[in-house]
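In: Starting from these lines, generate the structure:
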Amino acid sequence: MSYHFVTGDFEKRSVFLPDKEYGLALDALVKGCADVLVTAGDGRGLRVLLGKRKVEPQPDWWFVGGRTRPGDSPAEGAARNVKRELGLALPPERFVAVNTYSFVWRYRVQAPATNGTADMSTVFELHLTRTEASGLGPEQFDEKEYETAAWVAPLDILAGDYHPALQQAVRDLLANRAYRDLRDVVAAPPAVVARAARHYVAWRDAAPVRHAKVRFDGDGYAFVDIASGAAVPRPVKPAPPLRPPLLLAPRDFVFYAALSGLAFAVGRATAGK
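Out: Presented below is the predicted three-dimensional model:
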């Protein structure tokens, strides 16, 4: 969920900062960003469109997106970024908030590059129709910023050597989808609701870490201890299935068999009186 509140008659302004002034701003401020997981398909056919960047601060696979402008709601910023990067003009209402993330980067484009930069990003899901997604690929991405692009399955992102922030956003996207599935069955029989609830909780609790530090050498990510900088193993937690388990899991059969047996026993006892 993303909320936006305006106090007073704020007027939007478009201001361009030269690299020197922008670099000073990056030294002093945390940028507000709106990044987007562009998706298509559903279930096992769900795919996420990723761009492989070739410029700092993240020269690897990443979201579509970028910084927002003063006065924009996060969804408006996301819509603006998608129009700029993919040429898709879509209303902000199509963008569903996934979560908010804090990014800190060692490098940036503006001098001095090693001063780095920091972002606070609201990530959205933009689910495209088959027609909208048709033909979207590397040719839509600016070749000055991107090496290539690809549609990738969510579980492949979680199992691959991707940035942990991107992986966590995919987990949260799948948790949000599981929540919508749960919301859609609240009036269904208890077993159906319980199954959807277990699936939602499994994805909501799927994060292996809440804080992480990595180093990227162009070939992969090395995890390090935040305090000491010593190398540590990549945190791992098995991903739940994309879809909920069978309608009645074995424990459901045991529960309903016991319940039926109890009802039968009570019925016989009542009839015998």
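In: For stretch 220-232, which residues meet the burial criterion?
Out: Buried positions in stretch 220-232, judged by neighbour count with 16 or more other Cβ atoms under 10 Å: Y221, F223. All C-beta spots, glycine's among them, are computed from the backbone N, C-alpha and C.
In: and it, how far apart are its ends?
Out: 14 Å (Cα to Cα, to the nearest Å).
In: Ok, stretch 107-125 next?
Out: This stretch, stretch 107-125, spans 27 Å end to end (Cα to Cα).
In: what's in contact with stretch 29-36?
Out: Stretch 29-36 is contacted from outside by 62-68, 72, 74-75, 77-78, 80-82, 95, 103, 117-126, 169, using Cβ atoms under 8 Å, 6 or more residues apart in numbering.
In: Buried residues of that stretch, list them for me.
Out: Going by 16+ other Cβ under 10 Å, stretch 29-36 has these buried residues: G32, C33, A34, D35, V36.
In: Let me see the ranges of the strands in the stretch 1-150 of the chain.
Out: Taking DSSP state E, counting those that start in this stretch, the strands of the stretch 1-150 of the chain run over residues 31-40, 47-53, 61-62, 64-67, 95-105, 117-127, 146-152.
In: right, so of the ones you listed, which gets closest to F16?
Out: Set against F16 and scored by Cβ to Cβ, these come closest in strand 64-67, at 13.0 Å.
In: circling back: in JSON lines, list the strands of the stretch 1-150 of the chain along with distance to P18.
Out: JSON lines is the format used below for the strands of the stretch 1-150 of the chain (distance: least, Cβ to Cβ, whole Å):
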{"stretch": "strand 31-40", "distance to P18": "17"}
{"stretch": "strand 47-53", "distance to P18": "23"}
{"stretch": "strand 61-62", "distance to P18": "25"}
{"stretch": "strand 64-67", "distance to P18": "16"}
{"stretch": "strand 95-105", "distance to P18": "21"}
{"stretch": "strand 117-127", "distance to P18": "16"}
{"stretch": "strand 146-152", "distance to P18": "24"}
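In: Same list (the ones you listed) but as CSV, adding distance to E139 and mean pLDDT.
Out: Output for the strands of the stretch 1-150 of the chain, formatted as CSV (distance: least, Cβ to Cβ, whole Å; pLDDT from 0 to 100):
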stretch, distance to E139, mean pLDDT
strand 31-40, 15, 98
strand 47-53, 12, 98
strand 61-62, 17, 98
strand 64-67, 14, 96
strand 95-105, 23, 98
strand 117-127, 19, 98
strand 146-152, 9, 97
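In: Just tell me which of the ones you listed ends up closest to V201.
Out: The closest of those to V201 is strand 95-105. By Cβ to Cβ, the value is 16.3 Å.
In: Could I get the CA-only coordinates of that closest one as CSV?
Out: Listed next in CSV are the C-alpha coordinates belonging to strand 95-105 (Å, rounded to 0.1, in the frame of the first residue of the first chain):
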residue,chain,number,x,y,z
PHE,A,95,0.7,0.5,-10.3
VAL,A,96,0.3,-1.6,-7.2
ALA,A,97,2.7,-0.9,-4.3
VAL,A,98,4.9,-3.8,-3.3
ASN,A,99,7.0,-2.4,-0.5
THR,A,100,9.5,0.3,0.4
TYR,A,101,13.3,-0.4,0.4
SER,A,102,16.5,1.4,1.5
PHE,A,103,19.4,1.2,-0.9
VAL,A,104,23.0,2.4,-0.2
TRP,A,105,25.5,2.4,-3.1
